[in-house]
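J.: The sequence and its predicted three-dimensional model are supplied below.
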Amino acid sequence: MQKICDLHTHSVYSDGTLTPAELIDQAINSGLSALAMTDHNTVSGLQDFIDSAAGKPIDIVPGVEFTTADNGTELHILGLFVQPAKFDKVKEYINRASILKEESNYKLVNKLRKIGYDIRYLDILENSKGHVNRANIAAELLKKGYIKSISEGFETILSKSYGLYEPPERLSATETITFIRSIGAVAVWAHPYIHMNFEQADEFLPRAKAAGLQGMETIYSLYDDETTRKAKEVCARFELCESGGSDFHGANKPDISLGKGKGNLVIPYEFYETLRSLL
């Protein structure tokens, strides 16, 4: 039986709905041999993740999903195999970005309140163990009955085009890749073809490689077969290691299952082994 893994998931410490312990137990029950927890712009849950996995039959990967930008385009970079001794360095690196993100969140909630949405930022903070982002705001809107799903919120009132959401200043994608390498972690580009087309990605990848990029996700929940095929070709052409992840968020993305995505994922355990060998 083929061993499988999931190298991109989220917990309650960012915008997921499972605790690290619940995430690990569900991964084991789902037949995964390795699991990465990669909350957005925070290491807050990683020690809990490590402690919860002690003695359990699964290999774990403490990670972070950094929200970055390149020439105005939002890109997400994963730092995998982040060691506890480096947690403070990660906190220091993302501190300014976190402050700017908090300001953006607060402005968005205030604008929503002004047009009649009865939500409070304090309530959103109390329901989040980590850094708040639009998914947390969408969850509050969903709870109050203003939207029917998280995705509806992102497609309507929380979208940039609607006019209420002002994206904060982002960390540099290439500088973040270099930072990830500087702390001894593995730098992987998450879902590259969600934010860029193939032509744009081919322009970014040489600079990303020069900064230290080591891998990219070729298997992802929202990829169709043709995108996966092309992603694998690009990965080989740029001599990068393959990675894959569901981007599991629990109930906040109910159509995406841990390790299986939309039922279309089979992420080989070898991806985990190859990325670990880069340490």
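T.: Received it, and whenever you're ready, just let me know what you need. Numbering: from 1, shown residues only.

J.: Name the next helix or strand downstream of the lowest-mean-pLDDT helix or strand in the chain, please.
T.: For the chain, using mean pLDDT, DSSP states H and E, the weakest element among its helices and strands is helix 121-126, scoring a mean of 90. Downstream of helix 121-126, the next assigned helix or strand under DSSP states H and E is helix 134-143.

J.: Tell me where the stretch 1-150 of the chain has strands.
T.: Taking DSSP state E, counting those that start in this stretch to define them, one finds strands in the stretch 1-150 of the chain at 4-6, 32-40, 59-70, 73-80.

J.: so the nearest residue to residue 32 once chain neighbours are set aside, which of the three states?
T.: Once flanking residues are discounted, residue 32 sits nearest to residue 259: 4.9 Å by CB to CB, 6 or more residues apart in numbering. Any C-beta I mention is one placed from the backbone N, CA and C, and that applies to glycine too. In three-state terms, and counting by DSSP: H, G, I helix; E, B strand; the rest coil, residue 259 is coil.

J.: Pretty sure residue 259 sits against residue 246.
T.: Yes. The pair residue 259 / residue 246 is scored as a contact, 6.1 Å apart, by CB atoms under 8 Å.

J.: For those two, work out which one has more neighbours and name it.
T.: Counted by other CB atoms under 10 Å, residue 259 and residue 246 do not tie: residue 246 has more neighbours, with 27 against 22.

J.: correct me, but that one touches residue 4?
T.: No. Assessed by CB under 8 Å, residue 246 is found out of contact with residue 4, at 10.8 Å.

J.: quick one: common contacting residues for these two?
T.: Taking CB atoms under 8 Å, 6 or more residues apart in numbering as the contact rule, residue 246 and residue 4 both touch residue 259.

J.: Spit out the residues that contact residue 259 and residue 246 alike.
T.: Shared contacts of residue 259 and residue 246 (CB under 8 Å, 6+ apart): 6, 265.

J.: can you give me how far the top helix by length along the chain is from the chain middle?
T.: Longest helix in the chain, counting residues (DSSP state H): helix 87-114. A distance of 16 Å separates the centroid of the chain from that of helix 87-114, by CA atoms, centre = their mean, to the nearest Å.

J.: Quick one: list the elements packing against that helix.
T.: With contacts taken as 3 or more CB pairs under 8 Å, 6 or more residues apart in numbering; DSSP states H and E, helix 87-114 sits against strand 59-70, helix 121-126, helix 134-143, strand 171-172.

J.: Now residue 149: closest residue in space, sequence neighbours ignored.
T.: Residue 149 sits nearest to residue 142 (CB to CB, 6+ apart), 6.9 Å away.

J.: hmm, back to that, wait, what's in contact with the residue nearest to residue 32?
T.: Neighbour list for residue 259: 4-6, 27, 30-32, 246, 248, 265, 267 [criterion: CB under 8 Å, 6+ apart].

J.: Pick the one among those residues closest to residue 273.
T.: Residue 273 lies nearest to residue 5 out of these, by CB to CB, at 9.0 Å.

J.: is the closest one in a bridge, and if so with what?
T.: Counting by DSSP bridges, residue 5 is bridged to residue 34.

J.: Test my guess that it contacts residue 34.
T.: Yes. With contacts counted by CB under 8 Å, residue 5 reaches residue 34, the gap being 3.7 Å.

J.: Which of those two has more residues huddled nearby?
T.: Each of residue 5 and residue 34 has its neighbours counted (other CB under 10 Å); residue 5 has more, 25 against 21.

J.: Just the pLDDT for the more buried one.
T.: On pLDDT, residue 5 comes in at 98.

J.: Could you list the low-pLDDT ranges of this protein?
T.: The model of the chain has pLDDT under 70 over residues 130.

J.: Can you tell me which residue is spatially central in it?
T.: Centrality entry for the chain: nearest residue to the mean C-alpha point is residue 65, 4.3 Å, by CA atoms, centre = their mean.

J.: doesn't residue 217 make contact with residue 240?
T.: No. Here residue 240 lies out of contact with residue 217, judged by CB under 8 Å, at a distance of 10.2 Å.

J.: Between the two, which has more neighbouring residues?
T.: Neighbours were counted for residue 240 and for residue 217 using other CB under 10 Å; residue 217 has more, 28 against 20.
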